[in-house]
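Colleague: test case, fold it:
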Amino acid sequence: MRAEDEQPGGTAQAPWPWPEQAEVMRTVLDASTDPIFNILEDGTYRYVNAAFAGPFGKQPLEIIGRRIWDLFDQAEAEKRMAVVFKAFVTGETIVFEVRVPTATGDRHYITSVRPIPGPEGRVASVVCISKDITERKRVELERERLIQELQEALAKVQTLSGLLPICAHCKKIRDDQGYWTRIESYISAHTQAAFSHGICPDCARDEFPDMNL
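Modeller: Numbering: from 1, shown residues only. Alright, predicted model coming up:
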């Protein structure tokens, strides 16, 4: 008797019949909220669960036996099959991000592609398990958009720094070329500031003494 057939305390446990094991595994796979599918080297789906079939508006049995080109356009199908072919050739597990167009908009997934060897040791099929990262992708894209907008805004901002040579009498500023310009013109040329003109009370009294301001 094998050790794995014994329960704690030394009581013998009957072997778990394979049909029962298969049924339990199928139930677990079908109930998973993560899309799971098994695909052959020619792109034929040998198994898909409900989470995979749902976004296409189909039941699993409507997809099993069909090929990847029946679900995706040529470019999308070829892109996915390139990863599948690589797993068949290398026998290594591959993890990649994929976009799935659906009737309600694009969904984004991170997918693990795991080769399954056949009786002769050669890869017979691959099992793919996907995790929905649509919300994470949306946040990443929004962050990238905000960063780009901030960089564009910063690129438009010009600042003044250092010592500015200014006339003590007329208040003109000497620029880098040695020309004296009005302070309004200088600041407008070096910043995003704009000017509107008025007159302060002190200047109004000096300039217009008869107006009794």
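Colleague: SS state for residue 128?
Modeller: Classification of residue 128 using DSSP: H, G, I helix; E, B strand; the rest coil returns strand.
Colleague: ranges for the strands of the chain?
Modeller: For the chain, strands defined by DSSP state E occupy the ranges 36-39, 45-48, 94-102, 105-117, 123-132, 173-174, 180-181.
Colleague: what's the closest of those to residue 146?
Modeller: strand 105-117 (19.0 Å; Cβ to Cβ). Bear in mind the C-beta positions are built from the backbone N, C-alpha and C, glycine included.
Colleague: in the protein, which residue is most central in space?
Modeller: By Cα atoms, centre = their mean, the chain has its centre lying nearest to residue 137, at 2.9 Å.
Colleague: need the strands of the chain in JSON lines (columns: mean pLDDT).
Modeller: Converted to JSON lines, these look like this (pLDDT from 0 to 100):
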{"stretch": "strand 36-39", "mean pLDDT": "94"}
{"stretch": "strand 45-48", "mean pLDDT": "94"}
{"stretch": "strand 94-102", "mean pLDDT": "83"}
{"stretch": "strand 105-117", "mean pLDDT": "90"}
{"stretch": "strand 123-132", "mean pLDDT": "93"}
{"stretch": "strand 173-174", "mean pLDDT": "85"}
{"stretch": "strand 180-181", "mean pLDDT": "88"}
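Colleague: next, count neighbours for residue 71.
Modeller: 20 (other Cβ atoms under 10 Å).
Colleague: contacting residues around the closest residue to it other than its chain neighbours?
Modeller: Nearest in space to residue 71, with sequence neighbours left out and distances taken as Cβ to Cβ, 6 or more residues apart in numbering, is residue 56 at 6.1 Å. Contacts for residue 56 were tallied using Cβ atoms under 8 Å, 6 or more residues apart in numbering; they are 63, 71, 102.
Colleague: now tabulate these in CSV and tack on distance to residue 195.
Modeller: Shown next, in CSV, are those (distance: Cβ to Cβ, whole Å):
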residue, distance to residue 195
63, 68
71, 63
102, 55
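Colleague: care to break the chain down by domain?
Modeller: 14-134, 159-211 (automatic domain parsing).
Colleague: and the contacts of residue 56, which is closest to residue 79?
Modeller: Comparing the contacts of residue 56 against residue 79 with Cβ to Cβ places residue 71 closest, at 12.9 Å.
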